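**Student:** How does the following fold in three dimensions:
(4 chains)
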2 protein chains.
Amino acid sequence: MSTATITSDALAQKLADSGLRATPQREVVYSVLLKKRDHPTADEVFARVKPDLPTISLATVYNCLETLVQCDLVRAVNFERGPTRYCPNLQPHAHFHDEQTGKTHDIDLPPEVLEKVSSVLPRGYDAKSVEIIFRGKATKAHN
Amino acid sequence: MSTATITSDALAQKLADSGLRATPQREVVYSVLLKKRDHPTADEVFARVKPDLPTISLATVYNCLETLVQCDLVRAVNFERGPTRYCPNLQPHAHFHDEQTGKTHDIDLPPEVLEKVSSVLPRGYDAKSVEIIFRGKATKAHN
DNA sequence: TTTCTCTTTAGAATAATTCTAATTATCACT
DNA sequence: AGTGATAATTAGAATTATTCTAAAGAGAAA
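**Tutor:** Numbers count the residues shown, from 1 in each chain, chains lettered A, B, ... in the order given. All right, here's what the predicted structure looks like:
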């Protein structure tokens, strides 16, 4: 496969690796994240999943999202106190939060920038992840 | 003055600049943040302020903190879904969130790193702030 | 003083998320 | 195919952090 995303079988595999099952709910939640990559909230995912699985509950959506985050298939992103948003982009990237539109943009992070950022950590700090969030406004072109 | 912090008069001045008054509540809340710079939550600030102002309410603590953030005297910091924490450090710095202890450490950000980070933004993205959060564990020495 | 605005206060309301207990589905074995 | 064990889903209650509301208090200005 050439993309960074994952087939349904591969999803099943990833889940199995963690001793978890591939359920319709998990598959649909994941596919919904892949289909429209606009960093939806749990509520938004809930709404998008319902046409396919009319009886799914919001709690299940939360459970599935949490599961996908645990399996490293999805990243959870938080802006201030807003609801958590979910992002299936597995490349290292920062987030740009547009205050006008409320939209979130992925910003690619070249390895050398990541490295420079990590270099600020004094001895004795062992980071296993870093999150970079810009806040500001983006021009029309980026809507 | 040699420090990055601010006298009570200067606080009054900063507030006045925004058309706000220097109240005992605001002064005590601010002084509590300066005294113990461990990124307390609103609840923790509330507890620390009470000995001085036994009748203060939690809503007022939220109000004061918000006011100080508006005046650029304090930064609000969020980790995941946890409660907002407050930080009177005005220098550009990142945060390191120690998952073992729950403690938050300020990590100085040299200008050239800040610049490198900002350089990842494509044309058309106008960031007015950037927040960098590391997550991991710190050695004993940093407790 | 009187008035006007800003601030504080207590408690109610809200929003997002997590928890609980019951049901349902799936798996591993026979 | 049947049975028990385990995992997952569900609806609704509960929780947490925060914000809102309406009333009371305080300070500056007229």
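**Student:** What separation do you get for residue A:78 and residue B:79?
**Tutor:** Distance of residue A:78 to residue B:79, computed by C-beta to C-beta, to the nearest Å: 8 Å. For glycine as for every other residue, the C-beta is placed from the backbone atoms N, C-alpha and C.
**Student:** can you give me phi and psi for residue A:116?
**Tutor:** Backbone torsions for residue A:116, taken as degrees, to the nearest 10, come to phi -60, psi -40.
**Student:** List the contacts of the residue nearest to it when sequence neighbours are not counted.
**Tutor:** Ranked by C-beta to C-beta, 6 or more residues apart in numbering or on different chains and with sequence neighbours excluded, the top spatial neighbour of residue A:116 is residue B:116, at 4.8 Å. Going by C-beta atoms under 8 Å, 6 or more residues apart in numbering or on different chains, residue B:116 touches A:113, A:116, A:117.
**Student:** what does chain A put close to DNA strand C?
**Tutor:** Within chain A, the positions near DNA strand C by C-beta under 7 Å from any atom of the strand are A:21, A:23-24, A:41-43, A:58-59, A:62, A:66, A:82-84.
**Student:** one more time with 10 Å, if that's ok
**Tutor:** By C-beta under 10 Å from any atom of the strand, the residues of chain A that approach DNA strand C are A:12, A:16, A:21-25, A:41-46, A:55, A:57-63, A:65-66, A:76-78, A:81-86.
**Student:** Weed out the non-buried ones from the residues you listed.
**Tutor:** The neighbour count (16 or more other C-beta atoms under 10 Å in any protein chain shown) marks A:12, A:22, A:25, A:42, A:44-46, A:60-62, A:65, A:76-78, A:84-86 as buried among the residues of chain A next to DNA strand C.
**Student:** Mind checking which of these land in strands?
**Tutor:** Among these, the residues falling in strands (DSSP state E) are A:76, A:77, A:85, A:86.
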